[in-house]
Structures are given as structure tokens and as C-alpha cells.
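**Q** Fold the following, please.
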Amino acid sequence: MIELDEEQQRAREWFEALRTRICAEFEAIEREAGSDAAFAYTPWDRTDPDGSPGGGGVRGLMKGKVFEKVGVNVSTVGGRFSGDFAKTIHGAEEDPSFFATGISLVAHMANPHVPAVHMNTRFLATTRRWFGGGADLNPPLPYEEDTAEFHAALRAACAGHDPTYYPRFSKWAEEYFYIPHRGVHRGVGGIFYDHLEGPFEPAFAFTRAVGEAFLDVFPRLVRRRMNQPFTEADKARQLEWRGRYAEFNLIYDRGTLFGLKTGGNVDAILMSLPPEATWS
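**A** A predicted model of the protein is given here:
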């Protein structure tokens, strides 16, 4: 195990506790749908290139009646960035030592009327310390009501900490979750933030608020749509949209690159990929 200071331990414990609550809520939704699906948890360990312990994590995966494939991963890793990759990381240009802990979630839904979703929050330490993350909604068949409710929850989370956060972070999400080679956005947005430095307590409190907002709003959207009838055309639209989602995650997503470049668990990193997709 890698040694953690007080701030690192507190962040790790929060991400693990949030994982437990999210997974319990998703399993409850499956039971409401008459399914006994449950998360299977797979621990993994990371070894730094010099052979020293590099932490690890737990990959949680469930395939059910409502959640066709949902992954909720937590990890706590540390070591040294290799080669030129260190030059791309905030605060690691001169000293490549790093620590990172966080939660990452991607849910692909069985019913195309239920939006897919991504949520990630994290705490990183190099020569600097910061929080980052966000949440974004990815409906194959968008509903204005759902989009508005999702954004309202994130706007409220931001407003409780800094009135500039939501305008800044929603714009950041709009710019980040864009597929240049397709000329389309990945979904209907949300918030994205990174390099949130300064005193630990307010940044940590905001990151917790993002997690709480997600846990509050997304299950409501799932329950609203999960029993809605759908057609073959609706399903075809979902599978085509999933292809766009896969393209973004494999080409542009910074979290995917970070995980692969730091020797993370490949199955956990690529759990974001949909169970089925089409390119027509």
C-alpha cells in the first residue's frame, strides 16, 4: 500500500463511500424492475515501473435489466509519471511524482429513452494539489425536461460554493465533450472542472456536492424513463450514438489516457465502452 496523508485519506474515503451509495441505489432500481442484478467487484493492484507498490483500486461492474452495463470504479494510485507524459500533467513538469484518488462511473442503459451518463471526481497531487471532475448526460433520445433537471441539479451544487462555477464549468463541459471529427457534442452537457486548487476544504466540499447532486438527480431520470416503450428505430439510434461515445473515449478522453499512461487496470479504464454499438 502507498502511504497517504490526512487530506489524501479523506478524499479516498469519500470516493469509496460515494461508490457504495451509488451502487446500492442502482441495485435498488434493478430490484424495482424485477431483476436481481448486482455489482461484481474486482480488486486490482498497481506496481510502479521501479517495482514499488503503486496502489490500486476496485472495479465494480453490473449488467442488469435497466443498466445494460454500468461500471463504478474507485482507485488510489501513486508513483512517478514516465517520460514526456509528466510534462503534460499540472505540477509534474520538474518532479514526476504523483498521487491520485477518485471515482469514475459510466452507465449504458438498456432502454434508449433512459440517458446514459458519465460522472468522475478526483483528487490529484504532484508539486501542486487539486480536485477535478464533473458529470455529463448522454441521451440517445434527448428530452428537454431531463436535460433541464440534470443541469438544474448541477447548477445548484455550483451555486452553493461559487456563483461563477456553473457558467464556467458548463461551458468547459460543452467544449470538452465535443467530437471534432464528427462535428457533434457527445451529449447534452453537464459540468467539467479541473485544477481546482486553493485551500483543501472548500475544493473538497464542492467535489462532494457534485457527487451528491449526481446521486440525487440521475436515479430520478432513470425511474422516469426505464419503463417507457421503445421501437427498433429507437434502439438503432441508441447503438449508433454509442459508436460516437466510444470514439470520444478512445480518441479524446483525458481520463482514459491518464489511466493507460499510469499503468492502471485496463479493464477498469475501458469499462466506459458500451456493451454494443454500431457504425452504419
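**Q** my guess is residue 193 contacts residue 176, does it?
**A** No. With contacts defined as C-beta atoms under 8 Å, residue 193 does not count as touching residue 176, sitting 10.0 Å away. Placement of C-beta: from N, CA and C, glycine included.
**Q** what do those two both touch?
**A** The contact sets of residue 193 and residue 176 do not overlap (C-beta atoms under 8 Å, 6 or more residues apart in numbering).
**Q** the more surrounded of the two?
**A** It is residue 193, of residue 193 and residue 176, that has more neighbours when counted by other C-beta atoms under 10 Å, with 23 against 20.
**Q** got the buried residues for the helix or strand harbouring that one?
**A** Using DSSP states H and E, residue 193 sits in strand 189-196. By neighbour count on 16 or more other C-beta atoms under 10 Å, the buried set for strand 189-196 is 189, 190, 191, 192, 193, 194, 196.
**Q** try stretch 195-203
**A** 196, 200, 203.
**Q** got a markdown table for the residues you listed, with distance to residue 79 and pLDDT too?
**A** Below are the buried residues of stretch 195-203 laid out as a markdown table (distance: C-beta to C-beta, whole Å; pLDDT from 0 to 100):
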| residue | distance to residue 79 | pLDDT |
| --- | --- | --- |
| 196 | 23 | 97 |
| 200 | 22 | 97 |
| 203 | 23 | 98 |
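**Q** of these, closest to residue 114?
**A** Nearest to residue 114 among the buried residues of stretch 195-203, counting by C-beta to C-beta, is residue 196 at 30.4 Å.
**Q** Let me see the contact set for the closest one.
**A** Residue 196 neighbours (C-beta under 8 Å, 6+ apart): 130, 131, 132, 203, 206, 207.
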